[in-house]
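Chemist: based on what follows, work out the 3D shape:
(one chain, ligands or ions: 2)
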Amino acid sequence: MVKISPSILSADFVNLEEDIRQAESADYLHVDIMDGCFVPNITIGVPVLKSIRKCTGMFLDVHLMIDKPVRLLADFAQAGADLLSVHLEACPPSQIVQCLDLMDQFGVKKGVALRPITSPKAILPYLERLDLVLVMTVEPGFGGQTFLESQLDTIREVRTLIDRYNPACELEVDGGVNQKTAPLAAAAGANVLVAGSAVYGAADIPGAIQALRVN
Ligand code: DX5
Ligand code: ZN
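Modeler: Ligands and ions are numbered 1, 2, ... in the order given. You can find the predicted model right below:
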């Protein structure tokens with residue numbers, strides 16, 4: 001069964017603690033960090049992540065959509081992330097390696113993320129040491145966008161590479177996941193599904209999480 005990682009980007013930030021509690025039946029909690037530079041939107045930063053860490057024991061799956069993530073990697077790790085994903089487009093390869101080294105140093109699980117334009121092969125230099133690859137199925141920056149079905153090929157290619165070089169690595173899909181697209185992503189090889197609007201836009205949040213658990 002796939003794992004579900006609700007994205008709090010679509011939660012009510014005034015009632016964030018309650019919205020996190022509503023998502024406790026999920027496997028992970030997805031936290032989107034945007035800097036207004038790598039993506040044209042700004043969300044939350046280190047102090048809010050620290051507060052989230054204090055109010056939940058959920059596994060915090062933190063998606064860094066920030067330029068040159070190495071600058072802030074230690075801060076996000078120490079704020080309580082369980083897993084950090086850095087975008088392969090956000091810095092040169094040598095800095096991706098530095099980010100992964102820092103994640104090891106702080107005992108945080110290691111992820112890399114791909115924009116839709118990025119070739120699946122870009123993960124190869126890092127794949128053997130990764131815990132997760134995050135494939136974007138929308139352009140990163142905003143919740144509530146439409147799932148790009150053209151990314152199903154990317155998901156399949158990443159699945160093939162993971163099976164060959166590091167079968168324990170998870171394959172997470174993020175963007176436009178709902179009851180209709182979740183089975184497509186899972187059939188293409190995803191085992192973790194991020195969902196923002198499909199979870200927090202629903203009247204029954206635990207029910208919406210359950211409805212995404214495709215076989
Ligand atoms: C978008 C974020 C996503 C977003 C997904 O850049 O990375 O995690 O919250 O939202 P939905 O599920 O509404 O597409
Ligand atoms: Zn995300």
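Chemist: now the residue in the chain that ligand 2 sits nearest to: phi and psi?
Modeler: Nearest to ligand 2 in the chain, going by Cβ to the ion, is residue 63, at a distance of 3.7 Å. All C-beta atoms are positioned from the backbone trio N, CA, C, and that covers glycine. Dihedral angles phi and psi of residue 63 (degrees, to the nearest 10) take the values phi -100, psi 110.
Chemist: what's the distance between the residue lying closest to residue 42 once chain neighbours are set aside and residue 69?
Modeler: Counting by Cβ to Cβ, 6 or more residues apart in numbering, residue 42 lies nearest to residue 36, which is 4.1 Å off, once chain neighbours are set aside. Residue 36 is 14 Å from residue 69, where distance means Cβ to Cβ, to the nearest Å.
Chemist: which of these two has more neighbours?
Modeler: Neighbour count, other Cβ atoms under 10 Å: between residue 36 and residue 69, residue 69 has more, with 24 against 13.
Chemist: ok, the more buried one touching residue 87?
Modeler: Yes - using Cβ atoms under 8 Å, residue 69 is in contact with residue 87, at 7.4 Å.
Chemist: residue 188 touches residue 152, doesn't it?
Modeler: Yes - counting by Cβ under 8 Å, residue 188 touches residue 152, with 4.6 Å between them.
Chemist: which residues does the residue positioned nearest the centre of the chain bridge with?
Modeler: Geometric centre of the chain, nearest residue: residue 63, 4.8 Å, by Cα atoms, centre = their mean. Per DSSP bridges, the residues bridged to residue 63 are residue 32, residue 85.
Chemist: so what's residue 74 up against?
Modeler: By Cβ atoms under 8 Å, 6 or more residues apart in numbering, residue 74 lies in contact with 102, 106.
Chemist: good, we can wrap up now.
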